[in-house]
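S.K.: Return a 3D structure for these sequence lines:
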Amino acid sequence: MSRTYITRAEALAKYPITERGLSRLVDAGRLRRYQDMTDHRRVLYRRHELETALRQPTPAEEVAA
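M.R.: Now for the predicted structure:
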């Protein structure tokens, strides 16, 4: 697998985010889910998209500011 993509478990271990946080980023359109070509049950995220989404404030943080 290319290092461009990261699994859900790797994302949760490496970045300060929860399962719910990942779902919220996807629901907000700031992060896309991808399927592994060899195992369609496995969800992947692009590492760059995840890092970018985590650097940007969430809509709730923008309202609070």
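S.K.: helix or strand for the residue nearest the centre of the chain, which one?
M.R.: The centre of the chain sits closest to residue 50, judged by CA atoms, centre = their mean, with a distance of 4.4 Å. Element membership of residue 50, judged by DSSP states H and E, is helix 47-55.
S.K.: That helix packs against which elements?
M.R.: Secondary-structure packing of helix 47-55 (3 or more CB pairs under 8 Å, 6 or more residues apart in numbering; DSSP states H and E): strand 5-7. Any C-beta I mention is one placed from the backbone N, CA and C, and that applies to glycine too.
S.K.: roughly how far out does the strand it packs on sit from the chain middle?
M.R.: 9 Å (CA atoms, centre = their mean, to the nearest Å).
S.K.: Go ahead and name everything in contact with the next helix or strand along the chain from it.
M.R.: Downstream of strand 5-7, the first helix or strand assigned by DSSP H and E is helix 8-14. For helix 8-14, contacts defined as CB atoms under 8 Å, 6 or more residues apart in numbering pick out 6, 17, 18, 19, 22, 43, 45, 50.
S.K.: Any regions of this structure where pLDDT drops low?
M.R.: 1-2, 58-65 (pLDDT under 70).
S.K.: Would you mind listing the residues in contact with residue 7?
M.R.: Going by CB under 8 Å, 6+ apart, residue 7 touches 42, 43, 44, 45.
S.K.: Just give me the neighbour total for the third one.
M.R.: With neighbours defined by other CB atoms under 10 Å, the count for residue 44 comes to 21.
S.K.: helix/strand/coil for it?
M.R.: Per DSSP: H, G, I helix; E, B strand; the rest coil, the secondary structure class of residue 44 is strand.
S.K.: how about it, what does it touch?
M.R.: By CB under 8 Å, 6+ apart, the contact set of residue 44 is 1, 5, 6, 7, 33, 34, 35, 36.
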